[in-house]
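S.K.: Model the structure of this input:
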Amino acid sequence: NHRSNPFSLSQQTRQLFFEIRGSFAKYERIKIQDRFQRGKRGKLRKGLPISDHNVLGYSWEDGNYIINPVTADIVRSIFDRYANHIGGIQSVADWLNGKGIPSPQGKMWSSTAVNRLLRQEMYTGEYYSYKMYHKKVSAKKFTQIARDSSEWIPMTCPSIISRELFDRAQNKLHRNKTQKIHETNHVALFSGVL
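M.R.: Alright, predicted model coming up:
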């Protein structure tokens, strides 16, 4: 009975067709994404970086990182100044700004930018790729989620600093963070994290 049914047969058929077509399109998108991820992992496992992440100290040529002599000297100076001199991250940022050395973004150095650079293990010549993935949380928003360490892929590149200098910097970062938390009168939930 067409009066009791809000859809005619042709409308129902059309709706079914759209739903089937939508399901096939979704399945195809999943297959494409899976092929892309497999290709990405395969390239990384061969030791080939996927893209240039604009890491200070390196240039990107023919799909590989090579040392940029000018900016690599800046990286060495930052690690040396932080690991071997009195003062913290902010003093290094002040020193860089005083010398007129621009940050990788071409702006003034902040303690956050220095902290991020000092934690970049890539400068030792050994690092891990495939540590994070992007998860969609809304129509236009993504967030980064850490992968399990079993999925990380070891990579190599030309080293700018020694492992020993990197470790000294990491130890000082840890000491300063711990000391800062202990010296704080009020405990904050994200103290030392944000």
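
S.K.: Taking the centroid of this structure, which residue is nearest it?
M.R.: Taking Cα atoms, centre = their mean as the criterion, Met132 is the residue nearest the geometric centre of the chain, at 7.1 Å.

S.K.: wait, that residue sits on Thr143?
M.R.: No: using Cβ atoms under 8 Å, Met132 is not in contact with Thr143; the gap is 9.9 Å. Glycine gets a C-beta too; all of them are placed from N, C-alpha and C.

S.K.: Any stretches of this protein with poor pLDDT?
M.R.: Across the chain, the ranges flagged by pLDDT under 70 are 1-9, 32-52, 179-194.

S.K.: Show me the helices in it, by range?
M.R.: For the chain, the helices defined by DSSP state H occupy 9-45, 69-84, 89-98, 111-118, 163-183.

S.K.: list the helices and strands the second one packs on?
M.R.: It stands for helix 69-84. For helix 69-84, the elements it packs on are helix 89-98, helix 111-118, helix 163-183, judged by 3 or more Cβ pairs under 8 Å, 6 or more residues apart in numbering; DSSP states H and E.

S.K.: Please name every helix or strand in contact with the first one.
M.R.: Put plainly, it is helix 89-98. helix 69-84, helix 111-118.

S.K.: List the buried residues in that helix.
M.R.: Ile89, Val92, Ala93, Trp95, Leu96 (16 or more other Cβ atoms under 10 Å).

S.K.: quick one: which of those residues is nearest to Glu151?
M.R.: Minimum distance to Glu151 across the buried residues of helix 89-98 is 30.6 Å, recorded for Ile89 (Cβ to Cβ).

S.K.: Can you tell me how far that closest one is from Leu173?
M.R.: Distance, Ile89 to Leu173, using Cβ to Cβ, to the nearest Å: 8 Å.

S.K.: what do you get for Gln144?
M.R.: Gln144 is 21 Å from Leu173, by Cβ to Cβ.

S.K.: How about Asn68?
M.R.: Here the criterion is Cβ to Cβ. By it, Asn68 lies 24 Å from Leu173.

S.K.: need the contact list for Phe166.
M.R.: Phe79, Glu121, Tyr123, Thr124 (Cβ atoms under 8 Å, 6 or more residues apart in numbering).

S.K.: Just the buried subset of the residues you listed, written out for PyMOL, thanks.
M.R.: This is how PyMOL selects the buried members of the contacts of Phe166, with burial counted by 16+ other Cβ under 10 Å:
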select buried, resi 79+123+124
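
S.K.: re the thing from before, can you list the helices and strands packed on helix 69-84 in JSON lines and add distance to Ala25?
M.R.: As requested, the helices and strands packed on helix 69-84 are exported to JSON lines (distance: least, Cβ to Cβ, whole Å):
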{"stretch": "helix 89-98", "distance to Ala25": "49"}
{"stretch": "helix 111-118", "distance to Ala25": "39"}
{"stretch": "helix 163-183", "distance to Ala25": "47"}
